[in-house]
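Enquirer: Here is my input, please return the structure:
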Amino acid sequence: MSTQITKTKLDKLNILELYQHYDVLERSRPLLSADSLELVQAELEQCATLRSEKVDRLYYALASHEDALERIKKEKELIDDAKKHHESQVGQIKRLICWLRRALPLDSNRIKGKNYEFVLSRQRQLSVEIHSSVEDWEPEEQQKYCVVQTVTTTKETVLTSLDGKVLERKTEPKTKTELIPNIDALRDAYSEGQIIPKGVRVEQNYSIRKNRLFSDKRVDSISSDNLEGLLQQSESA
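Expert: Predicted coordinates:
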C-alpha cells in the first residue's frame, strides 16, 4: 500500500529539497480530497522525519568542526609556548657560549668539545637589549639617550566613475610621534664606561658557527715501497 501521494524518492532529497517538498505538500492540502489527505499526511510525516535526521547531521557536523577548531587552537597555543621556550633556551645557550669566549686565549676563537666545536666571530657592533620603557627613564637619561621619531603616513581616497573619470580625490595625512631609544648613543656611552639606564644591556656578541670535529688518529702509514708494490699488483691484475 502506498504511503505517498507523489512519486518523489524522499530519501534522495537533500535538506533544502526536503523543506521545499514539505512546503509544497502543506500548501496542497486544501485542494485535496479526504482520501488524498491521508496520503499527504503520511508523506509529510516521512518528509519531516528525514528532514529532522538531516538537521541532526548538520548539528553533528558543526559540533565536530567546532571541536576540531578548539583542539587546533589549543595545539597552536602549545606550539607557541614550545617555540618561546626553545627560543629562550637558544638565547641562554648562546650567551653562555659567548661568556666562555672570555676564557679563551686572545688569539683563539674556538671552543672545542670531544666531537663538536663552536667557532666565534666578533660582531662589528655591540648588541643592545632594552627591557625597560623609555617613559620610566629619568628626564636626564631621556635627554641623553632618546630621540623623537615622527612618522607621517598619507591615506589617499579616490572616487571614480565606471569609465575611470576621477570624481573626487582626498588625502588624509596622519602623523605619529614617539620617544624611542637612541641605540648609537647607548653603545657609545657603554664603550666610554658611562652609566646607562636601568633595564638596558649592552654587550659584545659573537656570531657562532657549529662544526663537527673529526678524529686525529691516523692509521699506520704504508711505506712508499709497499705502496708501489700494491700498485704494481693492481696493474698486473
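Enquirer: all contacts plus neighbour counts: C-alpha atoms, from now on.
Expert: Will do.
Enquirer: Could you point out which residue ranges in this structure have low pLDDT?
Expert: Scanning the chain for pLDDT under 70 picks out 1-2, 216-237.
Enquirer: outside of stretch 140-153, which residues touch it?
Expert: Outside stretch 140-153, the residues within contact range by C-alpha atoms under 8 Å, 6 or more residues apart in numbering are 134, 173-183, 185-186, 196-197.
Enquirer: In three-state terms, label residue 178 for me.
Expert: strand (DSSP: H, G, I helix; E, B strand; the rest coil).
Enquirer: Now do the contacts for it.
Expert: 148-150.
Enquirer: Name the nearest of those residues relative to residue 34.
Expert: Distance to residue 34 across the contacts of residue 178 (C-alpha to C-alpha) is lowest for residue 150, with 84.2 Å.
Enquirer: how close does that closest one sit to residue 132?
Expert: 21 Å (C-alpha to C-alpha, to the nearest Å).
Enquirer: got it, and residue 108?
Expert: Residue 108 sits 35 Å away from residue 132, going by C-alpha to C-alpha.
Enquirer: Also residue 94?
Expert: 22 Å.
Enquirer: coming back round to it: counting neighbours, which of the contacts of stretch 140-153 end up buried?
Expert: 134, 181, 183, 186, 196-197 (16 or more other C-alpha atoms under 10 Å).
Enquirer: from the residues you listed, which ones fall inside helices?
Expert: 183, 186 (DSSP state H).
Enquirer: Just send the buried ones among the contacts of stretch 140-153 back as TSV, with distance to residue 38 too.
Expert: Listed next are the buried ones among the contacts of stretch 140-153 as TSV, based on distance: C-alpha to C-alpha, whole Å:
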residue	distance to residue 38
134	83
181	85
183	88
186	91
196	93
197	90
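Enquirer: ok, of the buried ones among the contacts of stretch 140-153, which one's closest to residue 166?
Expert: residue 181 (44.1 Å).
Enquirer: The closest one contacts residue 134, correct?
Expert: Yes: at 6.9 Å, residue 181 and residue 134 qualify as touching, with contact defined as C-alpha atoms under 8 Å.
Enquirer: Can you spell out which helices and strands pack onto the helix or strand residue 75 falls within?
Expert: In this assignment (DSSP states H and E), residue 75 forms part of helix 34-100. In this structure, helix 34-100 packs against helix 15-28, with contacts taken as 3 or more C-alpha pairs under 8 Å, 6 or more residues apart in numbering; DSSP states H and E.
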